[in-house]
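Novice: From the sequence below, what's the structure:
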Amino acid sequence: MIEPLWADGMTTGLENRVVMVVFKCLAVGGGFLLGYLFGYALAWAVNRWVLAHKAPDQLKSACAILAGVTIAILVALFVFGEGGSGLFGGGGPAEGTGTTAPDDSTQTPSTPEKKDELSPPKPELVTHQKPGEVLIRVTILGGSDVPGDEKFYLIDDNPDRKSFGELKEAIRTRQADEKRSLGIAIHFRPQNAPALDPPHYSISQLTRWAQEAKIDVTIAANR
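Specialist: Take a look at the predicted model:
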């Protein structure tokens, strides 16, 4: 069973993603409308000044629709692609956090704190009534330990970072080979730990998948 804190964090993250998708869809629709109007205006101008009103109305409509679809596709590629992690690009994952650097002109120079790099308090493992007989230790990284490739995970003592897909494949392989019940013990490094309140999506996606796969999870919780 996953603790209520993590369940609340996952629900909030899901709601944020749904809102973001709705806004992106509206942006695509707005792009189509803008392209349609632009294409119609361009076709009208060409028909009047170049073709002397000889073009059929169907051609103007076709040009408007083509322009609208083209702009809508470009907007969709931007907002749903890598450039559109935020609403219109430039943002990180919905659960990502950060802090604003202090103003040197009004404050004494100091080293700004970054939430992802804060040293968490001494961890206390959340124990369950029926933990797995065999535990896989998964260390979740954050901050500068993850240089933009979203390979957040270390398994046991293996130093090779893994993506979420690679982690799931490795756990499934262990699960198939192991006759005893399997569990996951989530750990964090003293430095560059992911955000815990709300949980970073590297944490929530693992706990959600483990719950669906009926794999017991223990999570390092703050005192």
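Novice: alpha carbons only for contacts and neighbour counts from here, please
Specialist: Will do.
Novice: Please, where are all the strands along the protein?
Specialist: 124-125, 134-140, 153-155, 182-188, 216-221 (DSSP state E).
Novice: Out of the ones you listed, which gets nearest to residue 32?
Specialist: The closest of the strands of the chain to residue 32 is strand 153-155. By CA to CA, the value is 40.6 Å.
Novice: Name the single longest helix found in this protein.
Specialist: helix 4-49 (DSSP state H).
Novice: What's the local residue count around residue 146?
Specialist: Neighbour count of residue 146, defined by other CA atoms under 10 Å: 15.
Novice: Report whether the expected contact of it with residue 154 is present.
Specialist: No. Contact criterion CA atoms under 8 Å: residue 146 and residue 154 do not qualify, at 11.3 Å.
Novice: remind me which residues of this protein are low pLDDT?
Specialist: 1-12, 52-55, 82-132, 220-223 (pLDDT under 70).
Novice: Could you chop it up by domain?
Specialist: Taking automatic domain parsing as the domain assignment, the record places the domains of the chain at 13-84, 116-221.
Novice: ok so, going back, how about the strands of the chain in JSON lines, adding distance to residue 79?
Specialist: Converted to JSON lines, the strands of the chain look like this (distance: least, CA to CA, whole Å):
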{"stretch": "strand 124-125", "distance to residue 79": "39"}
{"stretch": "strand 134-140", "distance to residue 79": "28"}
{"stretch": "strand 153-155", "distance to residue 79": "27"}
{"stretch": "strand 182-188", "distance to residue 79": "32"}
{"stretch": "strand 216-221", "distance to residue 79": "34"}
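Novice: Dump the ones you listed to a markdown table, plus mean neighbour count.
Specialist: Converted to a markdown table, the strands of the chain look like this (neighbours: other CA atoms under 10 Å):
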| stretch | mean neighbour count |
| --- | --- |
| strand 124-125 | 14 |
| strand 134-140 | 18 |
| strand 153-155 | 22 |
| strand 182-188 | 22 |
| strand 216-221 | 21 |
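Novice: Can you name every helix or strand that the longest helix of the chain contacts?
Specialist: helix 57-80, helix 201-212 (3 or more CA pairs under 8 Å, 6 or more residues apart in numbering; DSSP states H and E).
Novice: now with 7 Å?
Specialist: helix 57-80 (3 or more CA pairs under 7 Å, 6 or more residues apart in numbering; DSSP states H and E).
Novice: tell me what the helix it packs on is packed against?
Specialist: Against helix 57-80 (3+ CA pairs under 7 Å, 6+ apart) you get helix 4-49.
Novice: Could you figure out how far the helix it packs on is turned away from helix 201-212?
Specialist: 110 degrees (axes from the mean of the first three to the mean of the last three CA atoms, to 10 degrees).
Novice: Let me know the distance separating the closest residue to residue 63 other than its chain neighbours from residue 51.
Specialist: Nearest residue to residue 63 in three dimensions, chain neighbours excluded: residue 39, at 5.7 Å (CA to CA, 6 or more residues apart in numbering). Residue 39 sits 16 Å away from residue 51, going by CA to CA, to the nearest Å.
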